[in-house]
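Colleague: predicted model follows, preceded by the sequence.
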Protein chains: 2
Amino acid sequence: MSGTIRFYFDFASPYGYFAKFLVDDLGAKFGREVEWRPIMIGSAFKASGNRPLVDQPLKGAYSRHDWDRMARRMAVAFRLPEGFPSAALAPSRAYWWLEGQDKALAKSYAHAVYHAYFAESRPISDLAVAAEIGASLGVDPEALSAAVQDPVWKQRLKDETDAAIALGVFGSPFFMVDGEGFWGVDRLAMVEDWLRQGGW
Amino acid sequence: MSGTIRFYFDFASPYGYFAKFLVDDLGAKFGREVEWRPIMIGSAFKASGNRPLVDQPLKGAYSRHDWDRMARRMAVAFRLPEGFPSAALAPSRAYWWLEGQDKALAKSYAHAVYHAYFAESRPISDLAVAAEIGASLGVDPEALSAAVQDPVWKQRLKDETDAAIALGVFGSPFFMVDGEGFWGVDRLAMVEDWLRQGGW
């Protein structure tokens, strides 16, 4: 029996957005469940001394160009939202609340949040928007709003983030397979090799 | 007629070392000449606010682990040399001096320098070692040593580095194809797609 693929991401990560189109298919191909694990990448940046790509000279311009061509190559919608990057606390807490009830629903919610942010430029950090996205999937918006403001789910997101950092996660997306970490959507080909060959 | 593939790298870059095994085959596959262009990545780090991977929390540990598994996956020798990373001024200047005389010889020299550093842990920053590596290819060690200390070749390496940064190069390896930049050995699959499809 083989273990899961852990997909760590931040909802404000363009490369996480690109990975979300690919990771479940990869899991299905090798009979591995994929756990979606949103974290606050800003905390990982503090731990690693990193900062958002768009704030970095040279790398910022490269990334903006790269996101656009990556979207063209994958034939998916992409537009950098105003005020990018946002701290995606509301939808991340909502995700973990949903995940405790219904993993498939939580995954659908994550897809919808990513779509709202990078295809529709909606301000996903707003609690009202995070709740509206849930409502579109049949989730009670008042219950979702209450969960986002509940110390239990605030703490859960912190704990998930801290646990990820403790495992060595420092970027988004980041994949953990059989205890091996793989950073970046570019690494999915290597993850696939790993799954096929059972490591090297 | 199609343009060249520019392969920017630093001799002290493990990911540049892995790329050197792959990039010429990729060029040959698409009938594109590959220009090898060593630069001083430390200058690009200054421009971009970056620093060596091994000095970064989390990313440093990840990279060390990643280099070892990448070497296993590619079945090539790899050992992190003592005192890594070294500023590879001597072999980089020697490369540009050789390149002006014989591009094929310069490329052989670059292969030999990378091999000396990452397969044999030799201190390539030492002028004597840089000259010995040249001598193994039939290059007069005294002429090579003189070139490394000649202001003309010192300036040439600076100029090449500045020109690369002006084009947006901030890491090693970095590939330029048809005016498009691609950062990292992981991106060779995307470069291949680009060459096959003529862009997106």
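Modeller: Happy to help now that I have it.
Colleague: all strands of chain A, in order?
Modeller: Using DSSP state E, the strands found in chain A span residues A:5-9, A:34-38, A:174-177, A:180-183.
Colleague: any chance of those in TSV, plus distance to chain B, mean neighbour count and mean pLDDT?
Modeller: Where C-beta positions appear, they are placed from N, C-alpha and C, glycine not excepted. Below are the strands of chain A laid out as TSV (distance: least, C-beta to the nearest C-beta, whole Å; neighbours: other C-beta atoms under 10 Å in any protein chain shown; pLDDT from 0 to 100):
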stretch	distance to chain B	mean neighbour count	mean pLDDT
strand A:5-9	13	25	98
strand A:34-38	17	21	98
strand A:174-177	9	24	98
strand A:180-183	6	20	97
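Colleague: distance to residue B:130 added to those, as a markdown table?
Modeller: Converted to a markdown table, the strands of chain A look like this (distance: least, C-beta to C-beta, whole Å):
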| stretch | distance to residue B:130 |
| --- | --- |
| strand A:5-9 | 43 |
| strand A:34-38 | 47 |
| strand A:174-177 | 38 |
| strand A:180-183 | 33 |
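Colleague: out of the ones you listed, flag the one nearest residue A:105.
Modeller: strand A:34-38 (11.6 Å; C-beta to C-beta).
Colleague: wait, isn't residue A:69 in contact with residue B:200?
Modeller: Yes. Between residue A:69 and residue B:200 a contact is recorded at 6.0 Å, counting by C-beta atoms under 8 Å.
Colleague: chain B contacts on chain A?
Modeller: With C-beta under 8 Å from any C-beta of the partner chain as the criterion, chain A meets chain B at residues A:44, A:47-50, A:56-59, A:61-62, A:65, A:69, A:72-73, A:165, A:168-170, A:180-181, A:183-184, A:186-187, A:189-190, A:193, A:200.
Colleague: ok, of those, which come out buried?
Modeller: Neighbour counting over these (16 or more other C-beta atoms under 10 Å in any protein chain shown) leaves A:44, A:47-48, A:50, A:56, A:58-59, A:62, A:69, A:165, A:168-170, A:181, A:183-184, A:186-187, A:190 as the buried ones.
Colleague: which of those residues fall in helices?
Modeller: A:44, A:47-48, A:59, A:62, A:69, A:165, A:190 (DSSP state H).
Colleague: could the residues you listed go into TSV alongside pLDDT and distance to residue A:145?
Modeller: Listed next are those as TSV, based on pLDDT from 0 to 100; distance: C-beta to C-beta, whole Å:
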residue	pLDDT	distance to residue A:145
A:44	88	27
A:47	86	30
A:48	87	32
A:59	93	37
A:62	96	38
A:69	96	38
A:165	96	28
A:190	96	40
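Colleague: right, and out of the residues you listed, which lies closest to chain B?
Modeller: Nearest to chain B among those is residue A:48, at 4.2 Å by C-beta to the nearest C-beta.
Colleague: so which elements touch the helix or strand of chain A with the lowest mean pLDDT?
Modeller: Using mean pLDDT, DSSP states H and E, helix A:41-48 stands out as the lowest-scoring helix or strand of chain A, at a mean of 90. Using 3 or more C-beta pairs under 8 Å, 6 or more residues apart in numbering or on different chains; DSSP states H and E, the elements in contact with helix A:41-48 are helix A:151-167.
Colleague: list the buried ones in the helix it packs on?
Modeller: Buried residues in helix A:151-167 (16+ other C-beta under 10 Å): A:153, A:156-157, A:160-161, A:164-165.
Colleague: just these now: which is nearest chain B?
Modeller: Out of the buried residues of helix A:151-167, the member with the shortest distance to chain B (by C-beta to the nearest C-beta) is residue A:165, at 7.2 Å.
Colleague: assess the claim that the closest one and residue A:47 are in contact.
Modeller: Yes. Residue A:165 lies in contact with residue A:47 (C-beta under 8 Å); the separation is 5.1 Å.
Colleague: what sits in contact with each of the two?
Modeller: Common neighbours of residue A:165 and residue A:47, using C-beta atoms under 8 Å, 6 or more residues apart in numbering or on different chains, are residue B:58.
Colleague: tell me the contacts of the closest residue to residue A:31 other than its chain neighbours?
Modeller: Nearest in space to residue A:31, with sequence neighbours left out and distances taken as C-beta to C-beta, 6 or more residues apart in numbering or on different chains, is residue A:2 at 6.8 Å. Listed by C-beta under 8 Å, 6+ apart, the contact partners of residue A:2 are A:30-32, A:178.
Colleague: tell me who's in contact with the closest residue to residue A:68 other than its chain neighbours.
Modeller: Nearest in space to residue A:68, with sequence neighbours left out and distances taken as C-beta to C-beta, 6+ apart, is residue A:78 at 6.8 Å. Taking C-beta under 8 Å, 6+ apart, we find residue A:78 in contact with A:14, A:17, A:67-68, A:70-71, A:118-119.
Colleague: dump the residue contacts of the nearest residue to residue A:50 once chain neighbours are set aside.
Modeller: Distance criterion C-beta to C-beta, 6+ apart; nearest residue to residue A:50, sequence neighbours excluded, is residue A:170 at 6.7 Å. Counting by C-beta under 8 Å, 6+ apart, residue A:170 makes contact with A:44-45, A:47-48, A:50, A:183, B:57-59, B:62.
Colleague: please redo it, this time with the cut-off set to 6 Å
Modeller: A:44, A:48, B:58-59 (C-beta atoms under 6 Å, 6 or more residues apart in numbering or on different chains).
Colleague: and residue A:45, by the same measure?
Modeller: Taking C-beta under 6 Å, 6+ apart, one finds residue A:51 in contact with residue A:45.
Colleague: how does it look with 10 Å?
Modeller: A:10, A:51-52, A:170-172, B:58 (C-beta atoms under 10 Å, 6 or more residues apart in numbering or on different chains).
Colleague: how about residue A:4?
Modeller: By C-beta under 10 Å, 6+ apart, the residues touching residue A:4 are A:27, A:32-35, A:176-178.
Colleague: which one of these is nearest residue B:84?
Modeller: Once C-beta to C-beta is applied, the member of the contacts of residue A:4 that ends up nearest residue B:84 is residue A:176, at 26.7 Å.
Colleague: quick check: that closest one touching residue A:187?
Modeller: No. At 11.6 Å, residue A:176 does not count as touching residue A:187 under the criterion of C-beta atoms under 10 Å.
Colleague: list residues touching both of those two?
Modeller: Joint contacts of residue A:176 and residue A:187 (C-beta under 10 Å, 6+ apart) do not exist.
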